[in-house]
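**Q** output the structure for:
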Amino acid sequence: MHDFNPLVLLIPFIAGFIGWFTNWLAVKATLYPVEFVGIPPLFGWQGVIPKNAEHMSQSFSVLIRDKLVDMEKIFANIDHDDNEELDKVVEDVAQQIIREFSTNIAPDSWARAREKLREYINMLVRRNVRRVTVDILDRMAKEAGDFIDIGANVREAMLEDRALLGRVLIEIAGPEFKFIERSGLWFGFLFGVIQMGVWIIYPAGWVLPAAGFLVGYITNWLALNLIFEPREPKQIGPFRIQGVFIKRQREVAASFADVIAGRVLNADNMMQHLSEGPNRQRVLDILEGQVEESMKEYERDAMVAMLVSKEKLEEAKADLLDRVRNADMTSNSQIKTFADQSHHIHSQLEANLGALDADEFSGILRPVFQKDEWKLVLAGGVIGTGIGALQVVVLFGGFG
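**A** As a prediction, the model looks like this:
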């Protein structure tokens, strides 16, 4: 019988460290580095998430487009009657038109006009601007799904900034990442107690490296799987067990909605999307059509004819159409009113994500680990082996 070596009592604590360190490293290796570091293609590493950003962003975009957000519903609920923002837009545009009318189109006639006629023109312009604005919003709302390719928006945002996907996952799955790290400590310690017992009975040099491999491998594997399994709650004695990510579905839904609605599908990004490429021309077609209709109404009005000739109105229409075509669309208040409806995306995202079944819900995070999970688990085992071998040398005098 060998003399008892008190250093053997350190084995559970070292095993706990192995479990914690390998799991901590697995989390970091999932997120970082954003760009490949090393000698491609075999020597080096790129974070699992940024490496698979294209595949993951595609999965996210399909989920959001097909299951979580209905663009037509979001933009169909614009309230035309009790809408302070719409009222402000109408007033601002009307003031611009009246100012243009009184200073450039017919300044002399306006200066000589009676107060009653000016009041009538003011009323006519405001009524016309409201009708035009409502028509623009309704037309764009009906075609919202065509104007805004929500899947493409999500995919492009995540591919342009590969670190964004990692930040999204940190915000929605921060507690799960912490669970991976901390569970490694406790699982490692428990395995270490068994490991200590084996070492006391059979202190062969290979025991600690082999046990280190098992601790690193199993703690990584357990932590990754206990995030998602079991998907449905299971009663085991007095304990009710469920995957930690699945259990937090309501909380995750709120965080996910915050991030996607706040950083990806926000009003600024919507405005940018509407003002570029084919969408710009489609929006211009709507605006130009409304300018034509609006000017026809002024041409038909007898009171307007008292102030300005038909030729002058034609000149004003040509000038207005030219301004519309050359303007920075991101500053168009009517289009901005439409884009601002995107704030409804948050509530729809949160409600629909919270209502997904367990299989669909786990699909948000599970693919993040699945593709390269074996590498993370195996790396944990290899590092555990190294630390186990180091224990033999430092604590127990080597393999001799």
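
**Q** show me what contacts the residue nearest the centre of the chain?
**A** In the chain, the residue lying closest to the centroid (CA atoms, centre = their mean) is I260, at 2.7 Å. Applying CB atoms under 8 Å, 6 or more residues apart in numbering to I260 gives the contacts 64, 154, 168, 345, 349. Just so you know, the C-beta spots here come from the backbone N, C-alpha and C atoms, and that holds for glycine as well.

**Q** do the same with S183
**A** 19, 23, 219, 222-223, 226.

**Q** for it, helix, strand, or coil?
**A** Three-state call for S183 (DSSP: H, G, I helix; E, B strand; the rest coil): helix.

**Q** picking up where we left off before, for the residue nearest to the centre of the chain, grab phi and psi.
**A** When quoted as degrees, to the nearest 10, the phi and psi of I260 stand at phi -70, psi -50.

**Q** roughly how far does it sit from L349?
**A** Using CB to CB, to the nearest Å, I260 is found at 6 Å from L349.

**Q** returning to what we had before: Serialize the contacts of S183 to JSON lines and add fields for neighbour count.
**A** Output for the contacts of S183, formatted as JSON lines (neighbours: other CB atoms under 10 Å):
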{"residue": "G19", "neighbour count": "32"}
{"residue": "N23", "neighbour count": "28"}
{"residue": "T219", "neighbour count": "33"}
{"residue": "L222", "neighbour count": "17"}
{"residue": "A223", "neighbour count": "28"}
{"residue": "L226", "neighbour count": "19"}
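
**Q** in strands only, show me those.
**A** In strands, defined here by DSSP state E, there are no members of the contacts of S183.

**Q** returning to what we had before: shared neighbours, I260 and L349?
**A** With CB under 8 Å, 6+ apart, I260 and L349 have common neighbours I64.

**Q** in which helix or strand would I find the closest residue to A106 other than its chain neighbours?
**A** Excluding its sequence neighbours, the residue lying closest to A106 (CB to CB, 6 or more residues apart in numbering) is V308, at 4.2 Å. Under DSSP states H and E, no helix or strand contains V308.

**Q** can you pull the contacts of V308?
**A** 101, 105-106, 109, 316 are the contacts of V308 under CB under 8 Å, 6+ apart.

**Q** list the contacts of stretch 319-330.
**A** 271-272, 274-275, 280, 283-284, 287-288, 291, 295, 335-336.

**Q** same thing but at 6 Å, please
**A** With contacts defined as CB atoms under 6 Å, 6 or more residues apart in numbering, stretch 319-330 is touched by 271, 275, 287-288, 291.

**Q** having no further points to raise, I will conclude here.
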